[in-house]
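Novice: take a look and give me a structure for this.
(one chain, ligands or ions: 1)
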Amino acid sequence: MTVTILGIESSCDDTSAAVIRDRVMLSNVIAGQAVHEAYGGVVPELASRAHQQNIIPVVAEAMKRAGIDASELNAIAFTRGPGLMGSLLVGVSFAKGLAASLNIPMIDVNHLQAHVLAHFIRTPGEPDAAPSFPFLCLLVSGGNSQIIRVNGYDRMQVIGQTIDDAAGEAFDKCAKVMGLPYPGGPWVNRLAAGGNPKAFTFSKPHIPDYDYSFSGLKTSFLYTLRDRLKEDADFIGNNKADLCASLQLTIVDILMSKLLKASNDLGIKEVAVAGGVSANTALRDAFHDYARRYGWTIHIPPFAFTTDNAAMVAITGYFKYQKKDFCSMAAVPFSRVTIE
Ligand code: KG4
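Specialist: Predicted coordinates:
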């Protein structure tokens with residue numbers, strides 16, 4: 001039987017709707033929110049207002065691009081958390097209203113799980129390159145840095161995670177002290193292309209097992225700027241590309257060394273990456289490099305699936321639909337929830 005799922009994502013500052021039919025993506029519409037740029041970060045109150053404005057046109061566009069009628073939907077999947085409460089409430093309330101009016105089930109989706117399952121989305125005309133279980137997934141975003149052992153669609157185990165800042169936060173905070181706009185990660189990535197990654201050395205954490213820490217790197221970066229600015233008032237302007245390249249290399253090295261340790265210890269060579277930071281080209285290059293050196297089979301998402309998107313919510317909904325894992329109308333969003 002054909003299963004068609006509408007996915008809705010509104011956990012942070014992207015309003016997104018997507019339609020998936022039997023793992024094949026029929027549409028994936030994302031409306032970003034430029035309103036936050038002036039504030040150097042996401043303003044929760046403004047995010048929820050923008051979701052309210054965007055949600056109906058975004059869903060309508062997703063249905064139009066998919067070329068389907070609402071009567072063809074089997075279920076509505078929505079992000080229940082983690083995320084900003086005011087933002088989540090918009091998506092959850094919309095999903096409830098639409099599901100009630102169509103008399104179809106609702107499926108609540110964990111946003112983190114959805115990032116991992118984005119690897120199972122099929123795009124028309126593309127070969128099926130889904131990972132096989134078990135695989136390791138490096139989930140790196142503005143709020144998370146985790147190594148997950150993925151044993152099945154709904155069986156995920158966090159084996160390592162950051163004890164302080166996330167990798168995306170490290171990019172963003174260091175970018176901010178260099179005067180770059182928010183979010184700084186993509187800016188650092190772009191500027192790094194013209195810089196020498198070995199120009200500066202920043203401290204790396206020494207913590208056990210598969211956990212991460214980025215607060216020491218942030219301090220080390222800040223102290224380097226503070227000391228060098230005493231000698232050269234235009235130190236940042238004169239060295240921006242080198243600073244970005246060196247910062248990027250340090251973050252990528254930290255991420256990859258723990259992932260390699262996990263792969264070696266657990267004997268798992270099927271390795272994926274997900275989340276906003278997976279758009280970083282140095283991190284992507286490192287994955288290709290490790291695949292060659294260590295015989296990994298790697299899974300790198302298309303750029304459209306690195307940031308928040310509803311296609312990943314819809315695919316997660318698709319797998320939950322197979323198990324009739326529905327939620328009730330009483331479901332409320334969770335601002336915090338783990339992947340397990
Ligand atoms: O998963 P995501 O879209 O959402 C949140 O976690 O909210 O991740 C956003 C993070 C930001 O920290 C952003 O700077 C980072 O992903 N990011 C990047 C790149 N593109 C996005 N970091 C480094 N290089 C990139 N190309």
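Novice: correct me if wrong: residue 162 contacts residue 141.
Specialist: No. Counting by C-beta atoms under 8 Å, residue 162 stays clear of residue 141, with 10.8 Å between them. (Each C-beta comes from the backbone N, C-alpha and C, glycine too.)
Novice: just give the nearest non-adjacent residue to residue 268, would you?
Specialist: Spatial nearest neighbour of residue 268, excluding adjacent residues (C-beta to C-beta, 6 or more residues apart in numbering): residue 136 at 5.3 Å.
Novice: direction included, what does the helix or strand hosting the one you found pair against?
Specialist: In this structure, residue 136 is located in strand 135-140 according to DSSP states H and E. Applying DSSP bridges, strand 135-140 is found paired with strand 145-152 (antiparallel), strand 270-274 (parallel).
Novice: winner for burial among the ones you listed?
Specialist: When those are scored by mean count of other C-beta atoms under 10 Å, the highest mean neighbour count falls to strand 270-274 (a mean of 24).
Novice: give me the contacts around that strand.
Specialist: Contacts to strand 270-274, defined as C-beta atoms under 8 Å, 6 or more residues apart in numbering, come from residues 115-116, 118-119, 131-132, 134-140, 150, 259, 263, 283-284, 287, 290, 296-301, 305-306.
Novice: separate out the buried members of those.
Specialist: 115-116, 118-119, 131, 134-140, 150, 259, 263, 283-284, 287, 290, 296, 298-301, 305-306 (16 or more other C-beta atoms under 10 Å).
Novice: if we can go back for a sec, ok, the residue nearest to residue 268 - contacts?
Specialist: 147-150, 259, 262-263, 266, 268, 270-272.
Novice: who does it form a beta bridge with?
Specialist: On the basis of DSSP bridges, residue 136 takes part in beta bridges with residue 149, residue 271.
Novice: again, but for residue 28
Specialist: Beta-bridge partners for residue 28, by DSSP bridges, are residue 18.
Novice: burial count for it?
Specialist: The number of residues packed around residue 28, counting by other C-beta atoms under 10 Å, is 25.
Novice: mind checking which of the contacts of strand 270-274 are in helices?
Specialist: 115-116, 259, 263, 283-284, 287, 290 (DSSP state H).
Novice: of all those residues, which two lie farthest apart?
Specialist: Across these, no pair lies farther apart than 115 and 290, at 20.2 Å, counting by C-beta to C-beta.
Novice: number of nearby residues for residue 89?
Specialist: 17.
Novice: that one and residue 41, how far apart?
Specialist: 20 Å (C-beta to C-beta, to the nearest Å).
Novice: quick one, phi psi at the closest residue to residue 204 other than its chain neighbours?
Specialist: In this structure, residue 204 finds its nearest non-sequential neighbour in residue 254, 5.7 Å apart by C-beta to C-beta, 6+ apart. Dihedral angles of residue 254 (phi, psi; degrees, to the nearest 10) stand at phi -60, psi -50.
Novice: what's the pLDDT at residue 254?
Specialist: With respect to pLDDT, residue 254 has a value of 98.
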